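K.L.:
whatever this is, show me its structure:
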Amino acid sequence: MHRWWQRARRWSVLGGLVVAGAATAADAAPAHWMAYAAQSGEALSQRLSNTGDPRVERLQARLAERKDPGAALTVSLWIDATGNIIDSRFASLGDAAADAELRALLSAAPLPVAPPPDMRQPLNLGLSLIPTAAGDTPIP
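P.N.:
Numbers count the residues shown, from 1 in each chain. Predicted structure coming up:
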């Protein structure tokens, strides 16, 4: 199986939507906001698929224990001027420890680029969390 497909099966960040408190629809968001959302989504997808990170392993294990292991949720992120995720909000995964692991992973490191100064926050991204299938080879 190709490495990119394994990563896509484990975690995917679906098309980023930039939405402010009063609601800026994705189709009304400026192109540079959408580009930032896509870039941030890719960075978070890579972070969440790093099976060398013990937090990813723990979150994967907790998701695999669930009756319905797949989870699709919207994550709202507040990002400071240096690219640090300073707050994240999402519907509970049904397990406080899994919620804490996801929150820790999201804020583990700054995003590669700071948000555009004029971008409204929060940045809302759709996440599809799928535990590693048995027999998948970890991505180095």
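K.L.:
for the residue most central in space within the chain, helix, strand, or coil?
P.N.:
Centroid check for the chain by CA atoms, centre = their mean gives Leu44 as the closest residue, at 4.8 Å. Here Leu44 is recorded as helix under DSSP: H, G, I helix; E, B strand; the rest coil.
K.L.:
please report how far it lies from Ala35.
P.N.:
To Ala35, Leu44 is 15 Å away according to CB to CB, to the nearest Å. The C-beta positions use only the backbone N, C-alpha and C, and glycine is treated the same way.
K.L.:
could you pull out the strands for the protein?
P.N.:
Along the chain, the stretches classed as strands by DSSP state E are 11-18, 71-79, 85-89, 123-129.
K.L.:
of the ones you listed, which shows the lowest average pLDDT?
P.N.:
Between the strands of the chain, the lowest average pLDDT goes to strand 11-18, which shows a mean of 40.
K.L.:
rewinding a little: need the contact list for the residue nearest to the centre of the chain.
P.N.:
By CB atoms under 8 Å, 6 or more residues apart in numbering, the residues touching Leu44 are 13, 106, 111, 125, 127.
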